[in-house]
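Chemist: Below is the structure, and that's it, no one-letter string:
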């Protein structure tokens, strides 16, 4: 599942299993390119992971909670605990390698 969520959906979707939080901005070129990469990651791993998009400008509370300073920022979580963080445009192999290590 790769979808944009609001902070009200966060607890129901992000605190169980392997999850990637994608903090993005609609005006960010690298964020748009990363969106395509994460779409490919979703195709490769299917429902083994949840890929959740959070608009950097609309989710102030979660941005503060996870100390996100810029975008794009990917936060890899397992059962609600941060395992790894990547900032900037990432490539599919690096993302898949990290996720497979968490499964």
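Modeler: Perfect, I can see it now. As the structure is a prediction and not an experimental result, all values here were calculated from the model.
Chemist: any idea how far residue 21 is from residue 85?
Modeler: As judged by CB to CB, to the nearest Å, residue 85 and residue 21 stand 9 Å apart. From N, CA and C alone the C-beta is placed, and that goes for glycine too.
Chemist: Quick check: neighbours shared by the two?
Modeler: 73, 74, 75 (CB atoms under 8 Å, 6 or more residues apart in numbering).
Chemist: Return the subset of those lying in strands.
Modeler: 73, 74, 75 (DSSP state E).
Chemist: quick one: which of the shared contacts of residue 85 and residue 21 is nearest residue 98?
Modeler: Residue 98 has its nearest neighbour among those in residue 74, at 8.7 Å by CB to CB.
Chemist: The closest one contacts residue 86, doesn't it?
Modeler: Yes. Under the criterion of CB atoms under 8 Å, residue 74 makes contact with residue 86 at 4.5 Å.
Chemist: which neighbours do these two share?
Modeler: residue 95.
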